[in-house]
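Enquirer: Below are the sequence and a predicted model; questions follow.
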Amino acid sequence: MTNLLKLLEESANNYGSLIALSEIKNDKYIEISFKELYERSNKVSRKIKSLGITEGSNVSLCGENSISWITAFFGILGSDCTVVPIDIKLNKKSKNFIYKFSESKIIITNNKDFNSNINKLSFDDLFDSKTSEDININDLKNEISLILFTSGTTGEPKGVMLSHENIMSNVDAIREIAYAKQSSFSILPLSHVYELTCNLLTSIRVGTKVHFCSSLDSKNMFNELKMVKPNIMPVVPLILDKIKKNCLKNLSESKVSMLIFKYVPKFFGYLLRKKTGLSNLKFFFCGGAPLNIETEKFFNLLGLKIIQGYGLSETSPLVSVNPLNKTKLGSVGKVIKTCNVRIDKNNKETNGKIHVKGPNVFKGYFKNEFSTKQVLKNNELDTGDIGKFDEEGYLYITGREKFIILGPSGENIYPEQIEELVDQIEFVEESVVFSKDQKKLYVLLKLYDLTTNKNTEIKASIEKINRELEVGKRISKIYIYNEEFPKTSTQKIKRDFIENIDLDKLELVD
């Protein structure tokens, strides 16, 4: 199948009255069937056409994860237009930039951040069209379905153009690997292709329910988890890191819990599942950013399975994923069948740059031919990521080409590998390792508790890490960073802020 509208139509025919989506809105539990989703999406298509929006136009979409967001998404496609999802968490300037740069004719949103001269359609007004025309399903294989704007970890936003075939090739690959009849819990933004493809669209393909969490507030999220009891929960590493660190904090405050964890960790995991609403969880599906191997080991010890994968917006997104029955700690799994991955390495390195080819590789960046030519040659994508295969064909990501620091002896230093060690320090929330002169390594630390002076402990912890590292990879200066690190929608740190940072204004640990 190479058509997202055909996906919607077939799900309505095959799964009819089964529940497709659920949410809590205004304290009321709401659910709709696959047939209702198709019918509502038809109404949105009619509404868009009735406004005089011509075929082939770009239509922006900005809102929280919801049933209305999905019906708007399919409605835009059904009106022969291209969807431009805008992350609701972006600032006002970024939202308006994307709308204008994408040449969108209208935006569907209830958000107040958009300029008054922008053509808007409220989610509340999507279904008031009087016409009765059905969605026209054409041959859309090579048509652009989405333009996803992603700033990535450096630079200005780029509009990633994904065709119907790009997305559907990934949906079908995921379906073969990871999905049986399961229900899932949605907390990641649908404006990012990871949640959209790997959770929502794949669930529609196989006829399973997705619940949209109404708030990421911990109390609210755990209440809804207890109510829904999902089998699958797509997450980014930051969420797992926070769960782990909260667990460890609670363990340090309870001798009984500590004893249970020490001697019967899987029973502790059972208690954790029961308390948090994860009693039916088969696995966390983790992607979007690198996962710390110590976090993966922690959940594995508790009997909570993590299926880690790797991908990019430019690959719709999935490139590789761990097999359900044979995961490997630290690996992002095996390359999906529809993909080819080539590691371009020189003679001195076991690692090399990852190149991807397949039907999931994007069509280019919107209005940015220069950047497209930099990464896309002969339909092969230069990901900019550094990785390696093991003897069984499992892929490991070791760094990012842009972030490589050239060591004093000319060796490549991957800051992410050092950060993985630093982030294991109990009171460290996050870290960024960098160099200003390609000679000495510095680290920025974001601490959980800024009120307590931990300079002595910090120095001791970093010195311990330095003893485990080669001389050229040792940290020479430690700075405390009191703000949140700027992040992408998948919680990867946007490292371009380092270029303009004034170290003299930060607290130096000495």
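Expert: Everything's here; your move.

Enquirer: Count the residues that sit near the nearest residue to F283 once chain neighbours are set aside.
Expert: Closest residue to F283 apart from its sequence neighbours, by CB to CB, 6 or more residues apart in numbering: K305 at 4.0 Å. All C-beta atoms are positioned from the backbone trio N, CA, C, and that covers glycine. Counted with other CB atoms under 10 Å, the neighbours of K305 add up to 15.

Enquirer: Could you measure from K305 over to T398?
Expert: Distance of K305 to T398, given as CB to CB, to the nearest Å: 24 Å.

Enquirer: hang on, the earlier thing: report the contact partners of the residue nearest to F283.
Expert: By CB atoms under 8 Å, 6 or more residues apart in numbering, K305 lies in contact with K282, F283, F284, F299, T327.

Enquirer: Just the CA coordinates for stretch 77-90, please, in PDB.
Expert: Extracted C-alpha coordinates of stretch 77-90, given in PDB (Å, rounded to 0.1, in the frame of the first residue of the first chain):
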ATOM      1  CA  LEU A  77      -4.900  14.900   2.500                       C
ATOM      2  CA  GLY A  78      -8.400  14.100   1.400                       C
ATOM      3  CA  SER A  79      -8.700  17.600  -0.100                       C
ATOM      4  CA  ASP A  80      -5.700  16.800  -2.300                       C
ATOM      5  CA  CYS A  81      -3.500  19.100  -0.200                       C
ATOM      6  CA  THR A  82      -0.200  18.700   1.700                       C
ATOM      7  CA  VAL A  83      -0.100  18.700   5.500                       C
ATOM      8  CA  VAL A  84       2.400  21.100   7.200                       C
ATOM      9  CA  PRO A  85       2.400  20.000  10.900                       C
ATOM     10  CA  ILE A  86       3.600  22.800  13.300                       C
ATOM     11  CA  ASP A  87       4.800  21.800  16.700                       C
ATOM     12  CA  ILE A  88       2.500  23.600  19.200                       C
ATOM     13  CA  LYS A  89       5.500  24.000  21.600                       C
ATOM     14  CA  LEU A  90       7.400  26.200  19.300                       C
END
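
Enquirer: Now do it: distance to the chain's middle.
Expert: Distance of stretch 77-90 from its chain centroid, counting by CA atoms, centre = their mean, to the nearest Å, is 17 Å.

Enquirer: helices and strands of the protein: which one has the lowest mean pLDDT?
Expert: strand 405-406 (a mean of 81; mean pLDDT, DSSP states H and E).

Enquirer: What average pLDDT does the next helix or strand after that one get?
Expert: Once the chain leaves strand 405-406, the next helix or strand it forms, by DSSP states H and E, is strand 412-413. In this model, strand 412-413 has an average pLDDT of 84.

Enquirer: now do stretch 173-184
Expert: Here the average pLDDT along stretch 173-184 is 77.

Enquirer: list the helices and strands the one helix or strand A173 maps to packs on?
Expert: Using DSSP H and E, A173 maps to helix 164-178. Applying 3 or more CB pairs under 8 Å, 6 or more residues apart in numbering; DSSP states H and E, we find helix 164-178 packed against helix 4-15, strand 144-150, helix 202-206, strand 318-321.

Enquirer: who's in contact with it?
Expert: 1-4, 7, 140-143, 145-146, 193, 197-198, 201-202, 205-206, 285, 307, 315-318, 321, 323-324, 336-339, 358-363.

Enquirer: Filter those down to the buried ones.
Expert: Using 16 or more other CB atoms under 10 Å as the burial test, the contacts of helix 164-178 include 2-4, 7, 140, 143, 145-146, 193, 197-198, 201-202, 205-206, 285, 307, 315-318, 321, 336, 338-339, 358-363 as buried.

Enquirer: helix, strand or coil for S371?
Expert: helix (DSSP: H, G, I helix; E, B strand; the rest coil).

Enquirer: Actually, E483.
Expert: Applying three-state DSSP: E483 is coil.

Enquirer: Could you check how far K454 is from N246?
Expert: For K454, the distance to N246 - CB to CB - is 19 Å.
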